[in-house]
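S.K.: coordinates for the following, if possible.
(2 chains)
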Amino acid sequence: MANPLTFVVQLDPNQSPTKLLEYIAANQAQIDNALNTVGTVHYARFIFMNTNNPLTLQPDQMASNATHMSVITAYDGDFDKYIQDFTNQLSGLFDALLSFTVDGQHIPPVSQNLKAFEDYIHAHNLSDFTPNNSMYSAYTCIVQQVRTLNC
Amino acid sequence: MTSNTVDLRDVQGVILRGYNMDVTRFFILQINDGAKARQFTGLLVSGEGSVPQITTSEHWGPVKPDHCLNIGFTFKGLEALQVDPSYLGSFPQTFQDGAAAAAATVGDTGDSAPANWVGGLSDVNSVHVVLALYAQNAAILDQVSETLRGLFAQYAITELSAQDANNLPNPDEMYSQYGKIHFGYTDGISQPRIAGTPSEHSIPDHQPLSPTGEFLMGYPSQNPNQTYRVSPPELSLNSSFAAFRILKQDVAAFESFLGTAGQYGLDPEKLAAKVSGRWRNGVPLMFSPDTPWPDPPTPADQLNNYDYVPDTSAGASAPAAGSGEAVKDPPPYPDDTCGFVCPIGSHMRRGNPRGEAVVGGGQHLHRILRRGVPYGPPYDPKNPDDIERGLVGFFINADLANQFEFLMTNWINSPTPFVMANKCPNGGNTFFNVSGNDVFLGDNDPATSSFTLANPDGKNTVVKGFDRFIITRGGAYCYLPSRTAMKYLANPQG
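M.R.: Prediction:
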């Protein structure tokens, strides 16, 4: 049974969210490869939001007016279980992402501050708290089980 | 890191080498007076007045000492030594919480639960020190013990218990450099080769060197950007951590389990090899799938030189540049991604998956140094008895959470397959070729226990209904201070 991560952070208004968008785009292949290597993540996506557009939260196409950013995933098991392997694979991404936030810039390098990073993720994971902790899943299989199906 | 960059004189000996001494005694101690215990700690470093001295990793030259001594402090022990609370807070939370708090995580439940631990280990607030005395023979062990016990009395230290252990000789002359454990297996073959230490030149293992920081604080770790540290620096560099464990082995039950091999079309020795990954003489299935004594026999220095998958770490076992050693080709081994030769769920593959693709991507990582010694008399199947026997000692790593606990949780006790899905012949998949927990160290229950023997025809055989063969009789998480750290603990003011 997959568990939800709905990680939302406020972006530092003194930095350009476009640069973060560009960083993610430039490293997408590496990110995908790391997620494949970790092997516990069903889905992952990055969402930029603009709270100054309260009706839809949509930012512009380059996210230049984004105020918040979200990482949304469904993953197997306990989040902390493979945290160090995860960090080994994606420390560059996490460091970059945190450097654009209002309240996480003190954490990088995450590989040296694993506990602080874990605590930060939990504090910013909407799905860890009521009323946002429900999730529907069509199946109970873990990622590797799904992969045996070749679909 | 190049060879031998670690100051071996500063590192406790048990971390970087096995002593291979005949007898061992583990003293479980309680500190009653912080100041006196600090003095005692200082004496163990200086060796003043014929006090037995802590053994370091420095090469002892042509003459092996008649005994070796090493020490570990629990977090409660550091508190009892009155280490500055701000420094205590820098120690990893896992260590601070201690072994009993991690019991459910690592499978120490039921009979293995901390409430049932022996030798005073169940009283976690009183267990402060594990002092390990290794000796060439029983007379020396008793003689040095007497001296130590005199010091315990002098420095207000209570001996909660003493756990004796003794090497079991290996009847196979060819592999006599390795000891035996009560289940009949040759033991101690596979140990990490640690960068910057003499173990770089241990027998080849077809794996990358383990970073120094995986076993000693203060060096780059398995994550290149991560260095495990505590404060102050004196307590950090060259110190380490260990899970001290007393593991009772039910040999009669294990032999009885092997007696069921016929149900699965195997003979008992083949089942023993399948659940372990090695024949009981130490020869890996990867070199010899059908017999413990292939012709020619596997040389003792090649018993660890293999992988389960095609070469993922070419040259990994090559001697360090400039070492002057000849590069030796390993014996051939098959691509066993699917676990047809050596089961994916075997003890060897769970404990060290080598190049096998595992969930998390941490193959070659999460390793531990095993410094266990058998206790109790050898088991004689012709004269079964109820005498307790097992294995006791330190399982050493720089990060208890990411090494010992990760290993016990994600690979040893992991009914959910820990291996990445990979296609196998006839519609099979690696995912379906592993089940249950580790046969030896798993928290097994006959109602649910399971061990998969994968077959290339896609029709796997599943061994079921076996009991738990190892019961944890005690545990303690220990800090293994460097020599510098011991001096600091003895005299924090300098």
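
S.K.: let me see the mean pLDDT of stretch B:343-350.
M.R.: In this model, stretch B:343-350 has an average pLDDT of 98.

S.K.: what are the contacting residues of that stretch?
M.R.: B:190, B:274-278, B:284-285, B:308, B:338-339, B:342, B:356, B:411-412, B:414, B:417-419, B:430, B:433-436, B:438-441, B:451-454 (Cβ atoms under 8 Å, 6 or more residues apart in numbering or on different chains). (C-beta placed from N, C-alpha, C; glycine too.)

S.K.: measure the residue in chain B sticking out farthest from the centre to B:Val463 for me?
M.R.: When distances are taken from the C-alpha mean of chain B, B:Asn426 lies farthest, 37.8 Å away, according to Cα atoms, centre = their mean. B:Asn426 sits 21 Å away from B:Val463, taking Cβ to Cβ, to the nearest Å as the criterion.

S.K.: ok, now B:Val23?
M.R.: For B:Val23 relative to B:Val463 (Cβ to Cβ), the value is 36 Å.

S.K.: between those two, which is the more surrounded one?
M.R.: B:Val463 (24 against 20; other Cβ atoms under 10 Å in any protein chain shown).

S.K.: which helix or strand contains residue 95?
M.R.: Reading this off chain A. A:Asp95 is part of helix A:83-99, with elements assigned from DSSP states H and E.

S.K.: that's the other chain; I wanted chain B
M.R.: According to DSSP H and E, B:Phe95 maps onto helix B:93-97.

S.K.: is chain A within reach of that helix?
M.R.: Yes. Judged by Cβ under 8 Å from any Cβ of the partner chain, helix B:93-97 comes into contact with chain A at B:Gln93.

S.K.: mean confidence (pLDDT) on whatever helix or strand comes next after that helix, please.
M.R.: Counting by DSSP H and E, the next helix or strand C-terminal to helix B:93-97 is helix B:103-106. Averaging pLDDT along helix B:103-106 gives 95.

S.K.: quick one: distance of helix B:103-106 to the chain centre.
M.R.: Counting by Cα atoms, centre = their mean, to the nearest Å, helix B:103-106 is centred 17 Å from the centre of its parent chain.

S.K.: centre of the chain versus the helix holding B:Phe95, how much separation?
M.R.: How far helix B:93-97 lies from its chain's middle: 19 Å, per Cα atoms, centre = their mean.

S.K.: so which residues of chain B form helices?
M.R.: Secondary structure of chain B (DSSP state H): helices at B:13-16, B:34-46, B:75-80, B:85-88, B:93-97, B:103-106, B:138-154, B:233-236, B:251-258, B:268-276, B:347-351, B:406, B:483-490.

S.K.: swap in chain A?
M.R.: With DSSP H as the criterion, chain A has helices spanning A:17-26, A:28-38, A:83-99, A:114-123, A:143-147.

S.K.: can you tell me which of the ones you listed is nearest to B:Gly372?
M.R.: Closest of these to B:Gly372 is helix A:83-99, at 25.2 Å (criterion: Cβ to Cβ).

S.K.: ok, residues contacting that closest one?
M.R.: Contacts to helix A:83-99, defined as Cβ under 8 Å, 6+ apart, come from residues A:9, A:15, A:20, A:23-24, A:27, A:30-31, A:34-35, A:37-38, A:69, A:71, A:104-105, A:107-111, A:114, A:117-118, A:120, B:222-223, B:225, B:360-362, B:365, B:402, B:406.

S.K.: quick one: average pLDDT of that helix?
M.R.: Per-region confidence: helix A:83-99 scores 90 on mean pLDDT.

S.K.: chain B contacts on chain A?
M.R.: Near chain B, when you scan chain A using Cβ under 8 Å from any Cβ, you find A:34, A:37-40, A:77, A:81-82, A:84-89, A:91, A:109, A:111-112, A:114-115, A:142, A:144-145, A:147-148.

S.K.: strands of chain B, residue ranges please.
M.R.: Here chain B has its strands, by DSSP state E, at B:23-31, B:67-73, B:129-135, B:157-166, B:179-180, B:186-187, B:240-249, B:369-375, B:390-397, B:450-453, B:461-464, B:470-480.

S.K.: give the buried residues for the fourth one.
M.R.: If you call a residue buried by 16 or more other Cβ atoms under 10 Å in any protein chain shown, then strand B:157-166 has these buried ones: B:Ile157, B:Glu159, B:Leu160, B:Ala162, B:Gln163, B:Asp164, B:Ala165, B:Asn166.

S.K.: residues in contact with it: which ones?
M.R.: In this structure, residues lying in contact with strand B:157-166 by Cβ under 8 Å, 6+ apart are B:22-32, B:36-37, B:40, B:118-121, B:123, B:126-127, B:129, B:141, B:145, B:149, B:151-152, B:246, B:373-375, B:392-393, B:474.

S.K.: the second one too?
M.R.: Taking Cβ under 8 Å, 6+ apart as the criterion, the residues outside strand B:67-73 that touch it are B:12-14, B:19, B:21, B:41, B:44, B:52-55, B:81, B:128-136, B:140-141, B:144, B:242, B:244, B:394, B:476, B:478-481, B:486, B:489.

S.K.: average pLDDT for that strand?
M.R.: Across strand B:67-73, the average pLDDT comes to 98.

S.K.: what separates that strand from the chain centre, distance-wise?
M.R.: Relative to its chain's centre, strand B:67-73 lies at 16 Å (Cα atoms, centre = their mean).

S.K.: residue closest to the middle of chain A?
M.R.: Mean-position check on chain A, Cα atoms, centre = their mean. Result A:Val71 at 3.1 Å.

S.K.: and it, how close does it get to A:Ala44?
M.R.: Plainly put, A:Val71 is 7 Å away from A:Ala44 if you go by Cβ to Cβ.

S.K.: the helix or strand bottoming out on mean pLDDT in chain A versus helix A:114-123: what angle between them?
M.R.: Ranked by mean pLDDT, DSSP states H and E, the weakest helix or strand in chain A is helix A:83-99, scoring a mean of 90. Orientation of helix A:83-99 against helix A:114-123 (axes from the mean of the first three to the mean of the last three Cα atoms, to 10 degrees) gives an angle of 70 degrees.

S.K.: could you dump helix A:83-99 to CSV, C-alpha only?
M.R.: Output of helix A:83-99 as CSV, limited to C-alpha atoms (Å, rounded to 0.1, in the frame of the first residue of the first chain):
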residue,chain,number,x,y,z
ILE,A,83,16.1,8.0,3.6
GLN,A,84,19.8,7.7,3.4
ASP,A,85,19.8,5.8,0.1
PHE,A,86,17.4,8.3,-1.2
THR,A,87,19.6,11.2,-0.1
ASN,A,88,22.6,9.4,-1.6
GLN,A,89,20.8,9.4,-5.0
LEU,A,90,19.2,12.9,-4.8
SER,A,91,21.2,15.1,-2.5
GLY,A,92,21.9,17.6,-5.3
LEU,A,93,18.2,18.0,-6.0
PHE,A,94,17.3,18.3,-2.3
ASP,A,95,20.1,20.8,-1.7
ALA,A,96,19.0,22.9,-4.7
LEU,A,97,15.4,22.8,-3.7
LEU,A,98,16.0,23.8,-0.1
SER,A,99,18.2,26.7,-1.1
